[in-house]
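Q: With the sequence up front, the predicted model follows.
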Amino acid sequence: MLTTPATRPLDPGDLGDALALLAREPLANAFVTARVIESGLDPRLLGGELWGWYHRGQLRSLCFSGANLVPIDAAPAALRAFAERALREGRRCTSIVGPAPATAALWAHLEPHWGPARAVRAHQPLMATSTAPPAITPDPLVRPMRKDEMDLVLPAAVAMFTEEVGVSPLTAQDGGLAYQSRVAETVGTGRCFARVEDGRIVFKAEIGAVTPHACQLTGVWTAPDRRRTGLAAAGLATVIRHALDTCAPVVSLYVNDYNAPALALYRRLGFTSSGALMSVLF
């Protein structure tokens, strides 16, 4: 068993310290930061636990434990402590995701007990832009989807997830109810954008995590029969402009390093590298 330094789940009284630590890497930490801001670290709203690792009484590292296990600003001693806690509590996550070096080290501790993983994506470029793409005309037909259009959104969302992750979210133990709830929440907040043609979505993108520093694009998908037609570039230009105007001063995303077409598209849209994440999928 690993040696355990001082770790504990954080609560609303730790909100200021947690946000100060998360602000050190605002792009890489956007997902967890958004969860912490929205919940105020109320465990009923957080969707998991936020573990803090303390050294000499000071909060030095974090790890979000929920549907995802996410190490944050974690040094080797903190990673050992987080791994021990995760092993003691048992695997509850469907993925481990975070900055590549820390995630690789955390997975090295957990793999003998939790492996093999279904997939390991060791290098996923984290990209960002603070300007709308000047050379690409936004698509005027890309718009926020309405709550009464979930019957259009869900098939596109499931197709995107299945293509990206390798399994359908509807095969989860709950029959996909948690996934459908997340999609409905995104639609309800006006952050799911799509182009609809002939009663189906042909392009989709979502503004996921939103913080004062950055927001994160997720769920980018184009119908297979409409790819390589410029639809994604124009659609993303619309979503990026909206995100910069209404959400945050920086738009970020991360992408698989083997997805050369997507990388080329994002660079064309003005995104530049800001680091790398890693994902371990179960």
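A: That came in fine, so what should we check first?

Q: the strands in this structure, which residues?
A: Assigned by DSSP state E, the chain shows strands spanning 6-9, 48-55, 58-66, 68-72, 95-99, 119-129, 143-144, 192-197, 200-210, 215-222, 251-254, 272-281.

Q: looking at those strands, which is closest to A262?
A: Closest to A262 of the strands of the chain is strand 215-222 (C-beta to C-beta; 7.7 Å). From N, CA and C alone the C-beta is placed, and that goes for glycine too.

Q: packing partners for the closest one?
A: The contact analysis (3 or more C-beta pairs under 8 Å, 6 or more residues apart in numbering; DSSP states H and E) places strand 215-222 against helix 30-39, helix 150-165, strand 200-210, helix 231-246, strand 251-254.

Q: For that strand, output the C-alpha coordinates as PDB.
A: Presented in PDB, the C-alpha positions along strand 215-222 are these (Å, rounded to 0.1, in the frame of the first residue of the first chain):
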ATOM      1  CA  CYS A 215     -14.400  28.300 -21.800                       C
ATOM      2  CA  GLN A 216     -14.000  25.000 -23.400                       C
ATOM      3  CA  LEU A 217     -15.400  23.700 -26.700                       C
ATOM      4  CA  THR A 218     -16.700  20.100 -26.600                       C
ATOM      5  CA  GLY A 219     -18.800  17.800 -28.600                       C
ATOM      6  CA  VAL A 220     -17.600  19.000 -32.000                       C
ATOM      7  CA  TRP A 221     -19.200  16.800 -34.700                       C
ATOM      8  CA  THR A 222     -20.100  16.900 -38.400                       C
END
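
Q: Each with direction, which strands does that strand pair with?
A: Paired with strand 215-222 in the same sheet, following DSSP bridges, are strand 200-210 (antiparallel), strand 251-254 (parallel).

Q: Could you say which of the ones you listed is packed most deeply?
A: The highest average neighbour count among the strands paired with strand 215-222, using mean count of other C-beta atoms under 10 Å, belongs to strand 251-254 at a mean of 26.

Q: can you give me how far that one is from the chain middle?
A: Relative to the centre of its chain, strand 251-254 is centred 9 Å away, using C-alpha atoms, centre = their mean, to the nearest Å.

Q: which stretch among the strands paired with strand 215-222 comes nearest L217?
A: strand 251-254 (4.2 Å).

Q: Convert the C-alpha atoms of that closest one to CSV, please.
A: Provided in CSV are the C-alpha atoms of strand 251-254 (Å, rounded to 0.1, in the frame of the first residue of the first chain):
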residue,chain,number,x,y,z
VAL,A,251,-11.8,29.6,-25.9
SER,A,252,-10.0,26.3,-25.5
LEU,A,253,-10.4,22.7,-26.5
TYR,A,254,-8.3,19.5,-26.6
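
Q: Residues contacting it, please?
A: Contacts with strand 251-254, where a contact means C-beta atoms under 8 Å, 6 or more residues apart in numbering, come from 27, 30, 124-130, 214-218, 220, 240, 243-244, 266, 271, 274, 276-277.

Q: what do you get for stretch 60-78?
A: Defining contact as C-beta under 8 Å, 6+ apart, one finds that stretch 60-78 is touched by 5, 10, 18, 21-22, 24-25, 29, 31-32, 35, 46-55, 79, 82, 85-86, 89, 92-99, 102-103, 105-106, 178.

Q: Now the buried members of the residues you listed.
A: The neighbour count (16 or more other C-beta atoms under 10 Å) marks 5, 10, 18, 21-22, 25, 29, 31-32, 35, 46, 48-54, 79, 82, 85-86, 93-99, 102-103, 105-106 as buried among these.

Q: Now the residue nearest the centre of the chain: closest residue in space that isn't a chain neighbour?
A: The chain has F31 as the residue nearest its centroid, 5.4 Å off, counting by C-alpha atoms, centre = their mean. Once flanking residues are discounted, F31 sits nearest to A209: 4.6 Å by C-beta to C-beta, 6 or more residues apart in numbering.
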